[in-house]
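Pasting the sequence and the predicted model now:
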Amino acid sequence: MTGEPTLRCVEDHTVDDAASVLSSALAGDGDAVAGAFDKVVDRGGVDAAYDVAWRLAGALVGEGLERGPWRLDFPDIDVVEYDARWVARFVSAYVNEDESTGSALFGAALADGMLSECLMMLAGSTAATLRRRDCLGES
């Protein structure tokens, strides 16, 4: 390589992408949620989808959570559907600030051919949690 090094700006769309996914989920439009995630992957790859999922987990958890460690207490988690189990574990990784576990879960879902279902469940769970908070007047 010759010449001077150059810097290029890589635009981060994570906030806007997460807002688009969440807006579609709140509207109950599963096709739009899937389309928004497809757009994310087309533009930024699976890593970008992970960033959006991590942000959705943050929206689901909300603000003001005391620092952990937190333990996932989900009796019979191994008998629930893959996507529900994945969301519980992914959100648990988020609340424990354990990105390596979050990344491993993401990779496992991708390898198992279940990532789309898991992301749809995460988006739906986040939307349902936000609706519940809104009804209860919580922030």
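Sure thing, it's come through.

what's the spacing between the longest helix seen in the chain and its chain's center?
In the chain, with assignment by DSSP state H, the single longest helix is helix 30-61. Helix 30-61 has its C-alpha centroid displaced from the chain centroid by 6 Å (C-alpha atoms, centre = their mean, to the nearest Å).

CA atoms of whichever helix or strand comes after it as CSV?
Going down the chain from helix 30-61, the next helix or strand is helix 82-95, by DSSP states H and E. Output in CSV follows, covering the C-alpha atoms of helix 82-95 (Å, rounded to 0.1, in the frame of the first residue of the first chain):
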residue,chain,number,x,y,z
TYR,A,82,-36.6,-21.6,20.6
ASP,A,83,-37.3,-18.0,19.9
ALA,A,84,-38.8,-17.2,23.3
ARG,A,85,-35.9,-19.0,25.0
TRP,A,86,-33.5,-17.0,22.8
VAL,A,87,-35.1,-13.7,23.7
ALA,A,88,-35.0,-14.4,27.4
ARG,A,89,-31.3,-15.3,27.2
PHE,A,90,-30.4,-12.4,24.9
VAL,A,91,-32.1,-9.9,27.2
SER,A,92,-30.4,-11.5,30.2
ALA,A,93,-27.1,-11.0,28.4
TYR,A,94,-28.0,-7.4,27.8
VAL,A,95,-28.9,-6.6,31.5
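
For helix 82-95, buried residues please.
Of all the residues in helix 82-95, those buried under the rule 16 or more other C-beta atoms under 10 Å are 83, 85-95. Any C-beta I mention is one placed from the backbone N, CA and C, and that applies to glycine too.

angle of the helix or strand just after it against helix 82-95?
The first helix or strand that comes after helix 82-95 along the chain, using DSSP H and E, is helix 99-111. Helix 99-111 and helix 82-95 meet at an angle of 160 degrees, taking axes from the mean of the first three to the mean of the last three C-alpha atoms, to 10 degrees as the criterion.
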